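1. Sequence and predicted structure are below.
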Amino acid sequence: MSFCDTIWEEVAPLRQSILAHPFLAELADGTLSPEAFRHYIVQDSLYLAEYARVLAIAAARAPTAAGRMEFSDGAKVAVQVEEVLHQAFFAQFGVTADMARTAEATPECLGYTSYLASLAATRSYEELIAGILPCFWVYWEVGCAIKPRASSPNPYGAWIDTYADPSFGAATDRVRALVDEAAANGTPATRAAMKTAFCNATRYEWMFWDSAHRCAGWPI
């Protein structure tokens, strides 16, 4: 198996915990509380702003033209999602411009973005893109798992459609190919570090949804 297929299988229990999480189950059947989704979408807006910066750094550090093109395009798409999808949800769920502007990142959001930023600043390109991949791959798996069983009409239908779209799956495949290429050219130590980055980022994906479901903020 490829490097990505191997680590994907190794995080299978975590992936199942994500797919079974009440936030996503309730989102699929349309019963997720507006408060929980509002919490999620505001935090995701803060996350995507930082994720776009990390993708831009990955593009700058990429050793190949394919990597530079893919990650620079990804940075642009992250900004577009924030501007188009999130703005529509802000209007739908009553998030004002002032609320969005003054929102503070939760510990989970700040932890995730700070972790990715630390990979970009202090670790190898290979580790960085391994840490970037779960945001693509986990969301693609979630979108594909939810869409066939989602209620209709569903207030969260646009979100589901975005991450179940074949174009998002194609982008995931391209990033996965870049990670596999980097792993194939790396040392055993590099691959071990890549696995750690991938696993940590996948853990943050679960934590992000869990904190949104609880509408959690800073404990003190």
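-> Perfect, I can see it now.
2. From now on I want contacts and neighbour counts done on CA atoms only, so please keep to that.
-> Will do.
3. What residues does the residue most central in space within the chain make contact with?
-> Closest residue to the average C-alpha location of the chain: residue 135 at 2.6 Å, with Cα atoms, centre = their mean. Contacts for residue 135 (Cα atoms under 8 Å, 6 or more residues apart in numbering) come out as 201-202, 205.
4. Among those residues, which are located in helices?
-> Counting by DSSP state H, the contacts of residue 135 place 201-202, 205 in helices.
5. If you go by neighbour count, which of those are buried?
-> For the ones in helices among the contacts of residue 135, a neighbour count by 16 or more other Cα atoms under 10 Å gives the buried set as 201-202, 205.
6. Generate a markdown table for those, with pLDDT and distance to residue 175 as supplementary columns.
-> Formatted as a markdown table, these follow (pLDDT from 0 to 100; distance: Cα to Cα, whole Å):
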| residue | pLDDT | distance to residue 175 |
| --- | --- | --- |
| 201 | 98 | 15 |
| 202 | 98 | 15 |
| 205 | 98 | 17 |
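7. Let me know the closest of those to residue 48.
-> Residue 48 has its nearest neighbour among these in residue 205, at 12.9 Å by Cα to Cα.
8. how close does the nearest residue to that closest one once chain neighbours are set aside sit to residue 62?
-> Using Cα to Cα, 6 or more residues apart in numbering and skipping the chain neighbours, the partner closest in space to residue 205 is residue 135 (7.3 Å). Counting by Cα to Cα, to the nearest Å, the gap from residue 135 to residue 62 is 18 Å.
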